[in-house]
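Visitor: Whatever this is, show me its structure:
(chains A and B)
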Amino acid sequence: MTGDITPVVVRLKLSLLRNGLRQSGGRRAAYVASAIVTFLFAALQLIGLIALRGHAHAASVVVLLVAVLALGWAVMPLFFPGGDETLDPTRLVMLPLRPRPMVRALLVASLVGIGPLFTLCLLAGSVVSVAHGGAAYAVGVIAVVLALLVCVALARAVAAANVRLLTSRKGRDLAVLSGLVIAIGAQLVNFGAQRLGSSGLAQLDPAAEVLRWVPPASAIGAVDSVSEGSYGRAVAQLALSAGALVALLAVWSRHLTRLMTAPDGSTLQTEGSAVRERTSTGLARLLPAGRTGTVMERSLRYIWRDPKTKAAWVTSLAIGLIVPVFNAWQGTGSIYFACFAAGMLGIQMYNQFGQDTSAFWMVALTISTTRDAYVELRARALALLVITLPYATLVTVLTTAMLGDWPTLPEALGLSFALLGAMLATGAWTSARFPYSIPQEGYKNVAPGQVGLAWVSIFGGMIAAALLCAPVIVGTILLNASESGDPWSWLMLPAGAAYGAAITLLGLRLAAPRTARRLPEILAAVSRG
Amino acid sequence: MTEGTLAKRAAVRVQGLWKRFGEQVAVAGIDLELPAGKFIGLVGPNGAGKTTTLSMVTGLLRPDQGTVEVVGHDVWRDPVAVKARIGVLPEGLRLFDRLSGRELLAYSGRLRGLPGAEVDKRATQLLDVLDLAGAQHKLVVDYSTGMRKKIGLAAALLHNPEVLFLDEPFEGVDPVSAQTIRGVLERYTDSGATVVFSSHVMELVESLCDWVAVMAAGRIRAQGTLAEVRGDAPSLQAAFLELVGANGRDAGSDLDWLGGGAR
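Guide: Numbering: from 1, shown residues only, chains lettered A, B, ... in the order given. A predicted model of the protein is given here:
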């Protein structure tokens, strides 16, 4: 095929975009709304960046911003695989295209859209805030173009390299986790911003010192270098970005060629050799025999392999750590905040059978007696404890270390263990009493029509758990209030642990007969969605 | 086996079984007596109540009324005896599909209290026979429909049950897998065990089963040996259409414009 295909592909992208919008009013509204929000945001950024001009740390802020932007471009295709179907190269596989013109055409077409426009605004603003003098503006134009191309090429290269992953089940699993990454990222940004607010933008300088050499931020770094008169440094920084662009295009082109020429193997049967061996691991040998070990092994495997369970666990682990440790770090914390870890992880005991989804029938068919149900629930609690117990201890010790309040460690640990026990007990009971379905697709964690049930289960259970902990809380308060209490405060550790264990066993005992009696009802409740 | 001992040795005995979902009556008081050691087909159109019936018989759904006995034990009063003796492959329910095929069998067998070594031995043989050995370390979630039915069947057979309940075991299954499943099931019934399976594909039921129960709109329309149910009709399909009263429906006159060149 002769002639340039670039305009053809760009026109294709434009008409796909237009036709997509023509399909439904809702989609058009969503697109227009997101465009307006993006433009407002871009405009604010632009104003902010221009206002930053002349500020001592402007260069650091700008370099960091561009680096974060590039990171966003790199990660986006992994979390929003369907984001840019108009550029799916596998759709063009039947056409006789050579790699080089195709890469050029697809690159130009990728520049059409809201994302690139937003990036362009931000990059332009960045240049304005650091450029001083005509030479700097001239370099700025090159820098903007270069940085924009690096961002787009980065996204395309990542998408092309992972297209097999993104169109597979694993890719969909990854998308479930994306909300989680955003949530935890927001927490970190929040804490970061608080620190910046308290100690000033100078904090950014060390990071910016490194990033100004990392493409595409190095392109903006070059503008700053020119403004300061160090032209050699500027040339090196620009060259780095240009080099990165060439390298990315080469990687992209190679993956593209392979995609277009190699057969799609996704539906082929893989024979033994290609598949990773999943034989019973060391884990299985450490676990007790019988139903207990079997159930524990499956529960632990699901924490890692099931995207919904994994997301819930990672959230609990992260928040259980972030809240006490960051608060302690900022000096506003209390050692008792460490109980947060036990509380957050204890939530995982709730709705145990809902986590099984309709696969619960396999469990239901093997529970014939109250004893079976008891062993099943106990094994699930044990699997949870394998992770929770060391983790809660670690978080408590860490918080104590940061606060330097070692004498209080035993009672904080005791309280943590008591709370964990109460959460396991109420979790087991509500699992049997208020089971509900967890939809496997999307971000929702409760099936429609069962929201009330989930609220009763989780919040009722948590209040009950807090009440159940009352004896230990009261004990701790009394010890702290009395003059002669201090030498005895270590007693709260064994007392709390024993109380937690006892109340867990009691909760399991109460939940077991109910589970054994209500198997069909539980199965019906967890099989929706 | 004579007719007299058959009645004594019923694999499944259902009496006055009812199930309503709100206003909808899914199963309207059915009585069934399925003989042991047979290949039994439960046939009926979609929505006839086959899945609801099988769920109630296997203890996965609580009936509103009626009793179910499996090999002489009441499903709801004596679950210990019943659950150890049955194998189930339900339709529309998931498996623990984040386990690999082999892990699923290991889990399922150990959960039923079989010794680990025995579970692993049986799992290896089942995986071989069902042609899943190559995919045994793949997660079940990545299996095709046919492979899922086969691994579900393996999990249902692992503890060597006396009665096997299969809900639409051939639905969405390719011919090769279907033939494999068929072979395993025939070998299993030859040893004296009972298979109860539901289907709406009459040709399949006719070629596989020696005993048939026909269901429509929540009721049993006929039950007995294949010959008894078929009667004078040329095929089970014809007999079935007559039983459910679908024979009179002639679509000919309404669609007289269809075919014969565009106009």
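
Visitor: Let me see the contact set for B:Val75.
Guide: Taking CB atoms under 8 Å, 6 or more residues apart in numbering or on different chains as the criterion, B:Val75 is in contact with B:Val57, B:Thr58, B:Gly59, B:Val68, B:Glu69, B:Val82. All C-beta atoms are positioned from the backbone trio N, CA, C, and that covers glycine.

Visitor: Try it again at 6 Å.
Guide: Applying CB atoms under 6 Å, 6 or more residues apart in numbering or on different chains to B:Val75 gives the contacts B:Gly59, B:Val68, B:Val82.

Visitor: Check the spacing between it and A:Tyr374 real quick.
Guide: Counting by CB to CB, to the nearest Å, the gap from B:Val75 to A:Tyr374 is 22 Å.

Visitor: Going along the chain, name the strands of chain B.
Guide: With DSSP state E, the ranges of strands along chain B come out as B:10-21, B:24-35, B:39-43, B:65-70, B:73-74, B:86-89, B:163-167, B:194-199, B:211-216, B:219-225.

Visitor: Any chance you could list what contacts the shortest one?
Guide: So that's strand B:73-74. Contacts to strand B:73-74, defined as CB under 6 Å, 6+ apart, come from residues B:Ala81, B:Val82.

Visitor: Any idea how many residues pack against the residue lying closest to B:Val14 once chain neighbours are set aside?
Guide: Closest residue to B:Val14 apart from its sequence neighbours, by CB to CB, 6 or more residues apart in numbering or on different chains: B:Leu32 at 4.0 Å. By the criterion of other CB atoms under 10 Å in any protein chain shown, B:Leu32 has 20 neighbours.

Visitor: Kindly provide the distance from B:Leu32 to B:Gln15.
Guide: 8 Å.

Visitor: sorry, back to before: might one say that the residue nearest to B:Val14 is in contact with B:Arg13?
Guide: No - between B:Leu32 and B:Arg13 there is no contact under CB atoms under 6 Å: 7.3 Å.

Visitor: Pull the contacting residues for the nearest residue in space to B:Ser199 that is not next to it in sequence.
Guide: For B:Ser199, ignoring the flanking residues on the chain, the nearest one in space by CB to CB, 6+ apart is B:Val205 at 5.5 Å. By CB under 6 Å, 6+ apart, the contact list for B:Val205 reads B:Gly41, B:Val43, B:Ser199.

Visitor: before we move on, what about A:Trp252?
Guide: Here A:Trp252 is in contact with A:Arg156, A:Ala157, A:Ala160 (criterion: CB under 6 Å, 6+ apart).

Visitor: residue contacts, the second one?
Guide: Shown here is A:Ala157, whose contacts under the criterion CB under 6 Å, 6+ apart are A:Leu248, A:Val251, A:Trp252.

Visitor: Redo the contacts of B:Val75 as a markdown table? Include pLDDT.
Guide: Output for the contacts of B:Val75, formatted as a markdown table (pLDDT from 0 to 100):
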| residue | pLDDT |
| --- | --- |
| B:Gly59 | 93 |
| B:Val68 | 95 |
| B:Val82 | 94 |
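
Visitor: Most neighbours of all the residues you listed, which one?
Guide: Most neighbours among those, by other CB under 10 Å: B:Val82, with 25 neighbours.

Visitor: residues of stretch B:120-133 that come out buried?
Guide: Within stretch B:120-133, the residues that count as buried by 16 or more other CB atoms under 10 Å in any protein chain shown are B:Asp120, B:Arg122, B:Ala123, B:Leu126, B:Leu127, B:Val129, B:Leu130, B:Leu132, B:Ala133.

Visitor: List of residues touching that stretch?
Guide: By CB under 6 Å, 6+ apart, stretch B:120-133 touches B:Gly101, B:Leu105, B:Gln136, B:Lys150, B:Ala154, B:Leu158, B:Thr180.

Visitor: Show me how far it is from its chain's centre.
Guide: In terms of CA atoms, centre = their mean, to the nearest Å, the centre of stretch B:120-133 is set 22 Å apart from its chain centre.

Visitor: that older thread, take the strands of chain B and write them to TSV, including distance to A:Leu69.
Guide: Shown next, in TSV, are these (distance: least, CB to CB, whole Å):
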stretch	distance to A:Leu69
strand B:10-21	54
strand B:24-35	56
strand B:39-43	62
strand B:65-70	64
strand B:73-74	68
strand B:86-89	52
strand B:163-167	53
strand B:194-199	57
strand B:211-216	63
strand B:219-225	67
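
Visitor: Which one, of those, ends up nearest to A:Gly54?
Guide: For these, proximity to A:Gly54 was assessed by CB to CB; strand B:10-21 is nearest, at 71.9 Å.
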